[in-house]
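Engineer: can't give you the sequence, but here's the structure:
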């Protein structure tokens, strides 16, 4: 009997040990549980005001619940800038993958605090949910987006702007108001103070983000000066140079401004609405479009335009930056338009196009033919920026390697637009 | 020396009120309406006209003017911005109101919509930008001031907030009753009335929405001999009504002050309200949080209460914080909500107590009466009914009060009361087994809270009446012996809830024997000399006193404590 009892105890003990589970609590993730956040405004080129919601995970002491919910709200605010919304800092798959490796340590409270430059003293709302078991708080934060970006660059998640600029060349951007024809954009900038204010706000953003800016009015002055110089020297004007000047930028941002008003009580409140579009100048490729709204106010138009433009331009510039990064991955983009003299026959011209296209295939990492006509060849190509750093490098390559009939000549070389011509020898 | 029946009537009413309210206080609902996070200032306009809903009521123009200005002064509290209506609008409204005679509430709304609302919208428009700047919340302010600081425009949302925050009130009188009791030298005016509160909704077609109708009742009295007795009594009642209406207005859901807690340090809570909102020392606030129930409703869940201990001057710097000390403290943290619990600042206390009386036998004799007192040295029973009027604003010391009160009691002393009636008829009256005892007193009380426990000490200057009553020539007669003395009390209390404390007290009272007698006959009351050739009765009390203590903070009173004090002063004169 005793023997059986002893045996039973041993069997039970072994069974217990076999089925026992580790009681070690799972480590709590630092990643934000809430992704509820919204950008209130881009208050300056560096800072963004965000309202975020945080939840506590369970009931407990009020202090602990508040601390946890507040922390979660802070994480949600930073998450929005990093990964949320339409224009996050981390845009490419590789950036996201790189960030995933460090996200646990990145979302620690100590680390996040350096990016939060201001927090509201009071909650926007505080509510116990789930019958009082959980706490939901809503709070406003101001996040330093530039600091966040620099930190990610330091950590090797993002490419530094200098690196992007170094390989591709600093993009130059021109800001012009949209026009349907007459008057010209420059005329509009001179006569319409609202459009002038719009351009100023965008230019303020661009300079803060270290883009190169071309001011249309100054560009016009430069053109006029150049013409005058040629005239003084008695030499004929280089029209191709003047044409290139008129194109002038890699990217142009066009915008429109509208002020809507309505009666509220017996006062008039106004709302600024701006539309902002970024184009690649030479290809006409649309890089980004955004509409920005100001709150309705009884304030001067300039204030409303500034607020609305802040809302729009930040997002558009994110698209421009994303485009720039994408270009860096594919190479530098150029547009080549080759024109063959009509003194050649169609079949001769065709052979010449093929000969030129063969050279395009050699030089380009990737290319896209837009138009292949009898005497015209329009192609987009992406080249290795390490080898071909400017349009003149490309032209030199074609000049040296084109083996077809006729002589390859340049009509104009712009930053990204290459106009070539093949004529009789 | 006179015994005022007015005082007795007020004490009776206050006693009944206290009982009802103290019971009611225990069953106050624990759930408040869900509200926004923070109080925003409201724009208020008033119609300077009195609406009389009963055509039998006739108030003379001077009294009407007094009534209106008293109400207006009382409702002019700091949490409101006032928009005085132009005289032309007011006169137009009054004329049309008078032309209509008695109006219903819907007719009144139509009348206001037609005459006053459009003007109010215009007025709001003039001042709204200035006012809206006070509404810019912290986030927006930060954005404006720190980043832009270029143009202090206001948003449509803020304008709407101002417009939506516009309210209108109209005082009304629904009852006016004068009573002239035969055996009282005073007449009493009792009035019923209140305020009609409207909200101006500034849509495309601005309209008026009725929010609430506040009702209250008030009583005033004055000596019948006064040629303006009815008017004086009416004005006293108007003051009481105004006092009540202010508390009731502060207690309207949208006007109640509420804010987030800025910090909690031990039992001290700091919060962003102050003189700009008109908060005062010792005012009670509930502390709690909003909670979403299973059905999705949001309600305010109270978890304790505080009393204001420091009032900051936040009229210039909005970031100045006031402080409050926790009496009933829950699990509190920064961000939780404080909600005002408007009260008069007058507590009603009831204190049953025991003390010793010493009466040495003796005789009192006047022209018509003779009283023979037996010896007595033993316990007397009484019940104190006090009003504690908070004077912390004056003394700058929290929980300091002026005490106004009275005691009603019995002394089981045997006595025989003879009158010329009984002597002439050779009748031997039945002996009295007890004499009545009334004290009237005033003094100072200071309370110290230690969590929910509190101790208070009070010093009182008292007037003592020991009295016998009889019928003489078919009229009631009251003969009193009077004494002046002092009482000192020390109490230990427990805060049952935000309105009610209970406790025990012990003290000492000293009333020397004084041969000072008063006879009240009909509505006449006069001091008389004791003509007895025998020794006069020596009625005194040098004794410890013990009792139990209950106080309640009522939202309204039907009488004015100031008039009670006045009545007390009259007695001493």
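Structural biologist: Great, that's in hand. All figures in this text were calculated on a predicted structure; none of them were measured in a lab.

Engineer: run through the stretch 301-425 of chain A and note the low-pLDDT ranges.
Structural biologist: Within the stretch 301-425 of chain A, the stretches with pLDDT under 70 are A:325, A:328.

Engineer: can you name the residue of it nearest chain B?
Structural biologist: Using Cβ to the nearest Cβ, the single residue of the stretch 301-425 of chain A nearest to chain B is residue A:303, 4.3 Å away. In this view, the C-beta of every residue, glycine as well, is placed from N, C-alpha and C.

Engineer: and the strands in the stretch 151-300 of chain B, which stretches?
Structural biologist: For the stretch 151-300 of chain B, strands defined by DSSP state E, counting those that start in this stretch occupy the ranges B:166-179, B:186-201, B:207-223, B:258-260, B:263-265, B:268-271, B:284-292, B:298-310.

Engineer: distance of the residue of the stretch 301-425 of chain A closest to chain B from residue A:311?
Structural biologist: 13 Å (Cβ to Cβ, to the nearest Å).

Engineer: comparing those two, which residue is more hemmed in?
Structural biologist: Taking residue A:303 and residue A:311 together and counting by other Cβ atoms under 10 Å in any protein chain shown, residue A:311 has the greater number of neighbours (23 against 19).

Engineer: please enumerate the helices of chain B.
Structural biologist: Residue ranges of the helices in chain B, as given by DSSP state H, are B:5-26, B:61-75, B:87-100, B:105-115, B:117-133, B:138-141, B:156-164, B:229-250, B:392-395, B:420-424, B:561-572.

Engineer: where does the residue of the stretch 301-425 of chain A closest to chain B fall, secondary structure wise?
Structural biologist: Using DSSP states H and E, the secondary-structure element containing residue A:303 is helix A:301-330.

Engineer: how about that helix: buried residues?
Structural biologist: If you call a residue buried by 16 or more other Cβ atoms under 10 Å in any protein chain shown, then helix A:301-330 has these buried ones: A:301-325, A:327-328.

Engineer: what is the burial count for the residue of the stretch 201-350 of chain A found nearest chain B?
Structural biologist: In the stretch 201-350 of chain A, the residue that lies nearest chain B is residue A:299 (2.5 Å; Cβ to the nearest Cβ). Other residues lying near residue A:299 total 22 when counted by other Cβ under 10 Å.

Engineer: do residue B:481 as well
Structural biologist: Counted by other Cβ under 10 Å, the residues lying close to residue B:481 total 27.

Engineer: please tell me how far it sits from residue A:313.
Structural biologist: Separation of residue B:481 from residue A:313 (Cβ to Cβ) stands at 93 Å.

Engineer: in CSV: the strands of the stretch 151-300 of chain B, plus mean neighbour count.
Structural biologist: Shown next, in CSV, are those (neighbours: other Cβ atoms under 10 Å in any protein chain shown):
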stretch, mean neighbour count
strand B:166-179, 19
strand B:186-201, 22
strand B:207-223, 19
strand B:258-260, 20
strand B:263-265, 14
strand B:268-271, 21
strand B:284-292, 21
strand B:298-310, 19
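
Engineer: now tabulate those in JSON lines and tack on mean pLDDT and distance to residue B:350.
Structural biologist: Rendered in JSON lines, the data for these read as follows (pLDDT from 0 to 100; distance: least, Cβ to Cβ, whole Å):
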{"stretch": "strand B:166-179", "mean pLDDT": "89", "distance to residue B:350": "26"}
{"stretch": "strand B:186-201", "mean pLDDT": "89", "distance to residue B:350": "23"}
{"stretch": "strand B:207-223", "mean pLDDT": "88", "distance to residue B:350": "20"}
{"stretch": "strand B:258-260", "mean pLDDT": "92", "distance to residue B:350": "32"}
{"stretch": "strand B:263-265", "mean pLDDT": "92", "distance to residue B:350": "35"}
{"stretch": "strand B:268-271", "mean pLDDT": "95", "distance to residue B:350": "31"}
{"stretch": "strand B:284-292", "mean pLDDT": "94", "distance to residue B:350": "20"}
{"stretch": "strand B:298-310", "mean pLDDT": "93", "distance to residue B:350": "21"}
